[in-house]
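*Asks:* predicted model follows, preceded by the sequence.
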Amino acid sequence: MSGAEPRRYIVRTYGCQMNEHDSERIAGLLEADGLVRASGEADADVVVLNTCCIRENADNKLYGNLGHLKTWKSRKDGRQIVVSGCLAQKDQDVVAARAGHVDVVMGTHNVHRAAELLHEAEHADAPITEILDAAVIDDHAMFPSALPVRREHSYNAWVTIQIGCDNNCAFCIVPAVRGAEISRPYADIVGEVHQLAAAGVTEVTLLGQNVNSYGRDLQVAARRAGDESAKLRPLFSDLLRDVGAVDGIRRVRFTSPHPKDMRPDTFAAMAETSAVCEHLHYPLQSGSDRVLALMHRGYRADRYLERLGEARAAIDELAVSTDIIVGFPGETDDDFAHTLEVAAAAEYDYAYTFIFSPRPGTEAAAMEADFVAPDVASQRFQRLRVVVERSALRKHEARVGRLEEVLVEGPSKRDPAVLSGRTRQNKLVHFTPPRPVRTGSYVSARVTSAAPHFLVGDFVELLDEPTHKLRIPVAAG
Ligand code: SF4
């Protein structure tokens with residue numbers, strides 16, 4: 001290989017959108033440092049494993065992958081392995097101790113240092129472990145969106161508005177690995193959306209662990225600095241309106257809000273801002289007040305449903321999705337019956353349902369004496385799926401015959417002649433176009449049939465073509 005040939009990298013991502021967005025930043029930083037993307041491990045010089053500790057057995061899977069990469073590394077001089085993300089944050093020195101061939105272990109607050117750490121590791125004899133316990137508030141580079149980026153898609157983009165979480169849900173490891181809630185400065189967010197729109201992005205998703213509490217810390221800071229009016233600002237709804245007003249942005253989404261912080265001004269902003277999509281992800285977790293209290297969720301089921309009713313009254317054609325955990329420690333048949341009742345009453349468009357599994361380091365993991373038997377949890381899970389899929393199918397069937405605006409995401413996984421895309425309600429639509437249609441285009445499609453997880457439609461017309469460039473560099477703010 002010639003000395004002038006660039007080094008190649010791949011990033012393997014596990015877990016949530018926050019991690020996927022971090023991976024885009026790591027890729028962007030490596031590319032800014034002169035590396036180019038590899039097509040796979042075989043031609044890569046650097047492999048980054050961006051880990052997640054939410055999934056079951058995440059650590060076993062990581063060490064399995066690292067065992068395989070030891071051989072990969074020994075086959076070529078100069079190859080490097082990076083472990084980043086939540087598991088690296090949580091296990092810190094364990095990674096270096098169990099896999100000494102790793103070059104860099106970096107935490108969730110160190111993403112901005114990816115390229116520098118790789119350089120430092122070239123001269124090190126042992127893994128370099130750099131984990132910051134918390135983000136530094138006045139350092140904007142800590143926000144993933146403020147770093148260079150290598151976006152996976154050129155027509156839509158995630159925009160981080162907040163990092164960390166101030167809640168303490170008993171099943172969740174996020175506060176431990178992502179730290180306290182910090183809101184990104186308002187002007188930086190709106191500025192980034194302007195840049196994205198200028199580069200051809202038409203859909204943005206505002207990202208945070210608890211998006212509708214966005215700005216609380218900024219208000220406290222402003223009041224401390226003597227600005228009394230700061231407490232009057234409902235900042236998340238302001239943000240929806242301002243981001244939705246950016247020229248070129250046709251769709252605004254956000255994830256995830258917390259039911260306890262849902263406020264009418266957010267619904268009003270959703271209803272009054274035409275770019276904000278008619279979709280609300282509204283995580284229930286359980287329909288039992290007793291279990292919600294054990295989880296420390298901060299709301300009761302009746303309040304949850306009441307707010308949902310307010311949202312539906314305010315926003316026409318609102319689609320609603322949720323997350324539900326079954327078999328949380330101590331959940332009884334009666335508790336589960338409440339979950340079924342609330343799920344039926346909420347009439348979800350779709351739901352992510354999970355059987356509880358303990359995450360080491362969380363409060364719920366220590367409630368071993370109350371763990372629900374696996375066969376009981378799995379029966380409950382099946383019963384919940386029936387309720388959720390019934391309402392999903394009903395909601396989808398109600399779209400048959402309707403004209404939907406679809407943002408084209410590309411060929412369907414099963415048949416390259418069929419294109420797939422999403423409606424404003426975030427419903428997946430498959431259709432066969434009469435002629436090639438570029439990814440990132442908007443088309444209208446008439447829905448012809450429905451299944452619980454997707455719609456099928458007939459292409460009607462092309463509404464808009466993408467204007468994006470293939471790569472979108474985002475400068476540090
Ligand atoms: S709100 Fe609860 S579930 Fe969501 S990130 Fe915070 S602690 Fe985890």
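*Replies:* Okay, I see it.
*Asks:* let me see the confidence value for residue 185.
*Replies:* For residue 185, the pLDDT comes out at 89.
*Asks:* report how many residues lie close to it.
*Replies:* Applying other Cβ atoms under 10 Å, we find 15 residues neighbouring residue 185. C-beta: built from backbone N, CA, C; applies to glycine.
*Asks:* tell me the phi and psi of it?
*Replies:* Phi and psi for residue 185, reported as degrees, to the nearest 10, are phi -50, psi 140.
*Asks:* right, and it touches residue 218 too?
*Replies:* Yes - between residue 185 and residue 218 there is a contact at 7.4 Å, judged by Cβ atoms under 8 Å.
*Asks:* residue numbers of this protein in contact with the ligand?
*Replies:* Counting by Cβ under 6 Å from any ligand atom, the chain comes close to the ligand at 165, 167-169, 172, 174-175, 209-210, 258.
*Asks:* in stretch 165-175, what's buried?
*Replies:* For stretch 165-175, a neighbour-count test (16 or more other Cβ atoms under 10 Å) marks 165, 167, 169-175 as buried.
*Asks:* check stretch 182-199 too.
*Replies:* 182-184, 186, 188-190, 192-193, 195-197, 199.
*Asks:* over to stretch 315-324?
*Replies:* Residues of stretch 315-324 classed as buried: 315, 318-322, 324 (neighbour count, 16+ other Cβ under 10 Å).
*Asks:* same thing with stretch 13-22?
*Replies:* By neighbour count on 16+ other Cβ under 10 Å, the buried set for stretch 13-22 is 13-16, 18-22.
*Asks:* where do the helices of the stretch 251-400 of the chain begin and end?
*Replies:* In the stretch 251-400 of the chain, the helices defined using DSSP state H, counting those that start in this stretch lie at 264-272, 289-295, 301-314, 333-346, 374-397.
*Asks:* need these in a markdown table with distance to residue 61, can you?
*Replies:* Converted to a markdown table, the helices of the stretch 251-400 of the chain look like this (distance: least, Cβ to Cβ, whole Å):
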| stretch | distance to residue 61 |
| --- | --- |
| helix 264-272 | 37 |
| helix 289-295 | 26 |
| helix 301-314 | 34 |
| helix 333-346 | 29 |
| helix 374-397 | 20 |
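*Asks:* so which of these comes closest to residue 110?
*Replies:* Among the helices of the stretch 251-400 of the chain, the nearest to residue 110 by Cβ to Cβ is helix 289-295 (30.2 Å).
*Asks:* which residues sit against that closest one?
*Replies:* 169-171, 285-286, 299-301, 325, 328-331, 335, 338-339, 364 (Cβ atoms under 8 Å, 6 or more residues apart in numbering).
*Asks:* which of the residues you listed fall within strands?
*Replies:* Judged by DSSP state E, strands contain the following of the contacts of helix 289-295: residue 325.
*Asks:* and the residue of the stretch 351-477 of the chain found nearest the ligand, how many neighbours?
*Replies:* Closest to the ligand within the stretch 351-477 of the chain is residue 362: 9.2 Å, counting by Cβ to the nearest ligand atom. By the criterion of other Cβ under 10 Å, residue 362 has 19 neighbours.
*Asks:* list the residues that contact it.
*Replies:* So residue 362 contacts 170-173, 176 (Cβ under 8 Å, 6+ apart).
*Asks:* out of these, which is nearest to the ligand?
*Replies:* Closest to the ligand out of the contacts of residue 362 is residue 172 (3.1 Å), distances taken as Cβ to the nearest ligand atom.
*Asks:* quick one: that closest one and residue 359 touch, right?
*Replies:* Yes - here residue 172 lies in contact with residue 359, judged by Cβ under 8 Å, at a distance of 7.4 Å.
*Asks:* could you find the closest non-adjacent residue to residue 344?
*Replies:* Spatial nearest neighbour of residue 344, excluding adjacent residues (Cβ to Cβ, 6 or more residues apart in numbering): residue 387 at 5.4 Å.
*Asks:* OK, contacts around the one you found?
*Replies:* 340, 343-344.
*Asks:* next one, pLDDT for it please.
*Replies:* Looking at residue 387, the pLDDT reads 96.
*Asks:* do residue 13 as well
*Replies:* pLDDT, residue 13: 87.
*Asks:* what about it, distance to the ligand?
*Replies:* For residue 13, the distance to the ligand equals 18 Å [Cβ to the nearest ligand atom, to the nearest Å].
*Asks:* now residue 184
*Replies:* Residue 184 is 17 Å from the ligand, by Cβ to the nearest ligand atom.
*Asks:* just checking, residue 226 is part of a helix?
*Replies:* No - using DSSP: H, G, I helix; E, B strand; the rest coil, the secondary structure at residue 226 is coil, not a helix.
*Asks:* before we move on, the earlier item: mark which of the contacts of residue 387 are buried, thanks.
*Replies:* Buried members of the contacts of residue 387, counted by 16+ other Cβ under 10 Å: 340, 343.
*Asks:* okay, the contacts of residue 387 in TSV with pLDDT next?
*Replies:* Below are the contacts of residue 387 laid out as TSV (pLDDT from 0 to 100):
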residue	pLDDT
340	97
343	97
344	97
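*Asks:* tell me the one of the contacts of residue 387 nearest the ligand?
*Replies:* Of these, the one sitting nearest to the ligand (Cβ to the nearest ligand atom) turns out to be residue 343, at 18.2 Å.
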